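*Asks:* Sequence first, predicted model second:
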Amino acid sequence: MSWDYILTVMKPMLEGTQTTILMFLFSIVLSIPLGFGITLLMRSRFKPLAWIAHTYVYVMRGTPLLLQILFFCFGLPLLPVIGEYLVFERIVAAAMAFVLNYAAYFAEIFRGGLLSIDKGQHEAAKVLGLSKRQTMVKVIIPQMIRVVLPATANESITLIKDTALLYAVAVPELLYYAQAAVNRDIQLVPFFIAAVMYLLMTLVLTLLFKALEKRFSFE
């Protein structure tokens, strides 16, 4: 074993890491606002809409992410009538599955955060003459963020690890290249390198969210 071998193996794995990070960023940027929107729908006074939102969250959280990825990659094109219009590149289909899956988890996190806010906050804001929109933006959401940050951090770390599921649909991410190197060279080193890369990514996320929690704790 030499440093030359490690560097040779790391080159494609770093390319795979770019795909891993891009999938994470794409998923987190879209799933968080979508999740909050679903939370608002779950709290809607229009019961059919709330029921649909609750059912969506139940289905997405109650079925494996891998199954959802496989469905979006291989199942959508098989749907009658509209299937021919739902053929996407595998990375695009997988990204859709990630966004919709994690939006459901974030929706539950945000719902819990909103439920933790005392109802007196709404009444106090009303006394101060704030509109419902102003109350939500200036009073409720800042408090909710403080409450949900730890759970959001955990889900974000889980997301960076779940990107390894792209391996199942042959999207060349970090684990894909690690497995290819192991099969080719009959060496475990690529797996250890992949583990270190995942640990570094989760470390960055952990530090980022700790900084956010510290900032919001003083607000």
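*Replies:* Here it is on my side, so go on. Numbering: from 1, shown residues only.
*Asks:* Tell me who's in contact with L130.
*Replies:* Listed by CB atoms under 8 Å, 6 or more residues apart in numbering, the contact partners of L130 are 138-139. The C-beta positions use only the backbone N, C-alpha and C, and glycine is treated the same way.
*Asks:* What's the separation between it and S44?
*Replies:* According to CB to CB, to the nearest Å, L130 and S44 sit 21 Å apart.
*Asks:* do S31 as well
*Replies:* Using CB to CB, we find S31 at a distance of 20 Å from S44.
*Asks:* now do I140
*Replies:* Between I140 and S44 the computed distance is 16 Å (CB to CB).
*Asks:* do you know how far L22 is from E15?
*Replies:* According to CB to CB, L22 and E15 sit 11 Å apart.
*Asks:* and S31 and S44? which has more neighbours close in?
*Replies:* S31 (24 against 13; other CB atoms under 10 Å).
*Asks:* Could you pull up the residues touching that one?
*Replies:* With CB under 8 Å, 6+ apart, S31 has these contacts: 98-103, 106.
*Asks:* Derive a ChimeraX selection command for the buried subset of those.
*Replies:* Entered in ChimeraX, the line below selects the buried ones among the contacts of S31, by 16 or more other CB atoms under 10 Å:
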select :98,99,100,101,102,103,106
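*Asks:* okay, the contacts of S31 in a markdown table with distance to Q179, secondary structure and pLDDT next?
*Replies:* Below are these laid out as a markdown table (distance: CB to CB, whole Å; DSSP: H, G, I helix; E, B strand; the rest coil; pLDDT from 0 to 100):
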| residue | distance to Q179 | secondary structure | pLDDT |
| --- | --- | --- | --- |
| F98 | 20 | helix | 98 |
| V99 | 25 | helix | 98 |
| L100 | 26 | helix | 97 |
| N101 | 23 | helix | 98 |
| Y102 | 24 | helix | 98 |
| A103 | 29 | helix | 97 |
| F106 | 30 | helix | 97 |
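*Asks:* Check the contacts of S31 against I193 and report the nearest one.
*Replies:* Lowest distance from I193 to those (CB to CB) belongs to F98, with 24.1 Å.
*Asks:* Tell me how many other residues surround the residue nearest to that closest one when sequence neighbours are not counted.
*Replies:* Nearest-residue entry for F98: S27, 4.1 Å, with adjacent residues in sequence omitted and distances by CB to CB, 6 or more residues apart in numbering. The local packing of S27 (other CB under 10 Å) involves 25 other residues.
*Asks:* Tell me the secondary structure at S27.
*Replies:* Under the three-state scheme (DSSP: H, G, I helix; E, B strand; the rest coil), S27 adopts helix.
*Asks:* Quick check: it touching A97?
*Replies:* No. S27 is beyond contact range of A97, at 9.3 Å (criterion: CB atoms under 8 Å).
*Asks:* A151 reaches A107, doesn't it?
*Replies:* No. Judged on CB under 8 Å, A151 makes no contact with A107 at a distance of 11.9 Å.
*Asks:* Looking at these two, which one has more neighbours?
*Replies:* In this view A151 and A107 are compared by other CB under 10 Å, and A107 has more residues nearby, 27 against 16.
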